[in-house]
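Peer 1: the sequence and its predicted three-dimensional model are supplied below.
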Amino acid sequence: MKELVIGFLGCGNVGGGVWKLLEGFEKELAQRANLKIRVKKVLVRNVNKARTCSVPQSLLTTCPEDVLCDPEITLVAEFMGGEQPATEYMLRALKSGKTVVTANKMALALNWHRLHEAARHGRAGLYYEASVCGAIPVIDVLSGPMQSNRISSIMGIINGTTNYILSRMYEQGEDYAAVLADAQKLGLAEPDPSSDVEGMDAAYKLSIMASLAFHTRVPFKQVYREGITGVTQEDIAWGKELGYVMKLLAVAKREGDTVEVRVHPTFLPKEHPLSRVHDSFNAVYLSGHACKEMMLQGRGAGDLPTASAIVGDIMRAGNATEHFFPDSAFLAEPDVSLQFTRNWNTRFFVRMSAVDAPGTLEKIAGCLARENVSIATMVQRDAPVDGRLTLVLITHSAPEMSVQAALAAMPKAVCQVQSVIRTEG
Ligand code: HSE
């Protein structure tokens with residue numbers, strides 16, 4: 001049986017999960033993969049810190065060279081998170097011929113080409129199933145079976161923290177700040193939640209998925225991003241009344257060589273399969289010309305779900321006779337220069353405070369009509385406060401720029417726009 005000697009870079013929640021999975025499953029893994037996996041060194045910041053796993057003290061080191069320069073270690077598993085020093089360590093490992101398995105979406109999304117180039121240079125493998133949606137094998141699906149398709153659209157709930165917050169706001173009628181504080185107490189949101197709630201985490205993942213789906217690089221900086229920090233209970237309640245569920249949706253669409261990539265709060269009809277993905281679950285809904293629509297759903301975070309993807313990659317890498325080079329997916333369309341647009345077409349939910357007087361609707365509808373935007377639904381409440389009432393409208397599908405122009409032209413003395421939420425599905 002082949003012995004695979006590996007080193008860990010990091011041993012926090014995810015690294016601890018990998019240790020536990022390898023430990024509890026050793027015999028079955030050995031039989032299944034014909035592989036004996038031995039962890040030789042574990043790089044940590046503090047060797048004396050209490051850990052959730054039983055990694056022996058003798059394996060711990062604070063010196064990266066103990067992992068990166070040990071010739072017996074042929075595979076490095078990285079779970080440090082953050083761009084640096086993780087990227088530099090992975091580059092060093094790859095260049096020296098060590099295969100890398102990583103869960104690090106940020107390092108990958110920001111440094112695709114450098115990491116792939118280093119892997120090619122070192123003839124080493126770069127595996128990153130765990131970087132997107134934890135246990136859900138979406139990287140494998142996109143880079144394997146879905147290669148038989150022209151993928152036109154990806155829509156995903158790819159951040160568990162924000163899905164948990166929005167689910168509770170929808171189901172319990174709670175406010176954003178209260179749910180976030182509770183999620184932090186429960187360990188479901190980070191003490192600094194900004195990467196999740198501002199949509200960065202989802203944008204990194206979308207950049208990775210879209211690059212694989214569209215066979216050419218979709219840089220992180222092209223992803224339009226709005227987080228959920230401005231989401232109000234009032235909008236969620238209005239959406240609920242009108243048959244919509246709010247999600248932080250990651251959307252990538254391609255038509256010809258024009259691509260849109262965006263992460264923002266989105267209303268989905270409550271019948272849409274993604275609307276039924278609650279709590280901290282993740283899901284990815286794909287459309288391809290041959291497969292039509294399909295949805296993958298599961299746990300996108302947590303120690304063991306993430307470890308599930310990492311250990312799967314370790315097993316695959318350990319038995320690979322030739323490493324998988326994901327950049328071949330990019331090179332499949334080397335001459336294509338994608339055009340990234342921000343003028344996407346979608347329906348818009350608009351909530352405004354409007355003067356309760358004759359002519360108000362005419363003025364609002366007129367601004368929309370001048371931009372060729374058509375109204376699908378309009379609701380107003382007959383309970384004016386200070387002479388103003390709440391008015392909600394949903395447009396038919398219209399270009400983003402036309403809707404923004406129409407809203408900007410609305411006279412402030414007549415109506416004030418309070419929120420604009422894109423709708424999909
Ligand atoms: N913080 C992420 C989430 C998990 O809430 O889904 C890791 O990407």
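Peer 2: Received it, and whenever you're ready, just let me know what you need.
Peer 1: is the closest residue to the ligand within the stretch 301-425 of the chain in a helix, a strand, or coil?
Peer 2: At 3.6 Å from the ligand, residue 301 is the closest residue in the stretch 301-425 of the chain, using Cβ to the nearest ligand atom. (Each C-beta comes from the backbone N, C-alpha and C, glycine too.) Using DSSP: H, G, I helix; E, B strand; the rest coil, the three-state assignment for residue 301 comes out as coil.
Peer 1: residue contacts, it?
Peer 2: 134, 160, 161, 280, 282 (Cβ atoms under 8 Å, 6 or more residues apart in numbering).
Peer 1: the second one: neighbour count?
Peer 2: Using other Cβ atoms under 10 Å, the number of residues around residue 160 comes to 23.
Peer 1: now do the fourth one
Peer 2: Applying the criterion other Cβ under 10 Å, we find 23 residues in the vicinity of residue 280.
Peer 1: what's the nearest residue to it if we skip its chain neighbours?
Peer 2: residue 160 (3.5 Å; Cβ to Cβ, 6 or more residues apart in numbering).
Peer 1: torsion angles phi and psi at the one you found?
Peer 2: phi -70, psi -40 (degrees, to the nearest 10).
Peer 1: same check, this time on residue 358
Peer 2: Residue torsions, per degrees, to the nearest 10, at residue 358 are phi -60, psi 140.
Peer 1: got the residues of the stretch 151-300 of the chain near the ligand?
Peer 2: 159, 160, 161, 196, 201, 300 (Cβ under 6 Å from any ligand atom).
Peer 1: of those - the most surrounded one?
Peer 2: residue 159 (31 neighbours).
Peer 1: can you give me the end-to-end span of stretch 245-265?
Peer 2: Terminal residues of stretch 245-265 lie 10 Å apart, using Cα to Cα, to the nearest Å.
Peer 1: I'd say residue 286 and residue 292 touch.
Peer 2: No - with contact defined as Cβ atoms under 8 Å, residue 286 does not count as touching residue 292 (9.3 Å).
Peer 1: neighbour count winner among those two?
Peer 2: residue 286 (24 against 9).
Peer 1: mind checking the SS state of that one?
Peer 2: Residue 286 is classified as strand under three-state DSSP.
Peer 1: re earlier: taking the residues of the stretch 151-300 of the chain next to the ligand together, which two end up most distant?
Peer 2: 196 and 300 (11.1 Å; Cβ to Cβ).
Peer 1: what touches both of the two?
Peer 2: residue 159.
Peer 1: surely residue 124 is in a strand?
Peer 2: No - Residue 124: not assigned to a strand; according to three-state DSSP it is coil.
Peer 1: strands along the stretch 51-200 of the chain, start to end?
Peer 2: 60-61, 75-78, 99-102, 126-127, 151-157 (DSSP state E, counting those that start in this stretch).
Peer 1: need the winner for burial among these.
Peer 2: Stretch with highest mean neighbour count among these: strand 99-102 (a mean of 28; mean count of other Cβ atoms under 10 Å).
Peer 1: so how far is it from its chain's centroid?
Peer 2: Averaging C-alpha positions (Cα atoms, centre = their mean, to the nearest Å) puts strand 99-102 20 Å from its chain's average.
Peer 1: mind giving me the packing neighbours of that strand?
Peer 2: strand 75-78, helix 86-95, helix 105-122, strand 126-127, helix 303-319 (3 or more Cβ pairs under 8 Å, 6 or more residues apart in numbering; DSSP states H and E).
Peer 1: show me where the stretch 101-250 of the chain has its helices.
Peer 2: 105-122, 138-143, 160-172, 176-185, 194-197, 200-214, 233-241 (DSSP state H, counting those that start in this stretch).
Peer 1: out of those, indicate the one that is most buried.
Peer 2: Mean neighbour counts for the helices of the stretch 101-250 of the chain (mean count of other Cβ under 10 Å) peak at helix 200-214, with a mean of 26.
Peer 1: would you put the C-alpha positions of it in CSV?
Peer 2: Written as CSV, here are the backbone C-alpha positions of helix 200-214 (Å, rounded to 0.1, in the frame of the first residue of the first chain):
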residue,chain,number,x,y,z
MET,A,200,-16.6,39.1,-0.2
ASP,A,201,-16.7,35.4,0.6
ALA,A,202,-19.4,34.8,-1.9
ALA,A,203,-17.6,36.9,-4.5
TYR,A,204,-14.4,34.9,-4.2
LYS,A,205,-16.4,31.7,-4.6
LEU,A,206,-18.3,33.1,-7.6
SER,A,207,-15.1,34.1,-9.3
ILE,A,208,-13.8,30.5,-9.0
MET,A,209,-17.0,28.9,-10.2
ALA,A,210,-17.6,31.3,-13.1
SER,A,211,-14.0,30.8,-14.3
LEU,A,212,-14.5,27.0,-14.5
ALA,A,213,-18.0,27.3,-15.9
PHE,A,214,-17.1,29.8,-18.6
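Peer 1: could you give the mean pLDDT of that helix?
Peer 2: Mean pLDDT, computed over helix 200-214, is 96.
Peer 1: where does the stretch 301-425 of the chain dip in pLDDT?
Peer 2: 324-335 (pLDDT under 70).
Peer 1: let's go with 90 and repeat that
Peer 2: 319-338, 381-387 (pLDDT under 90).
Peer 1: for the stretch 151-300 of the chain, same thing?
Peer 2: 187-188, 215-217.
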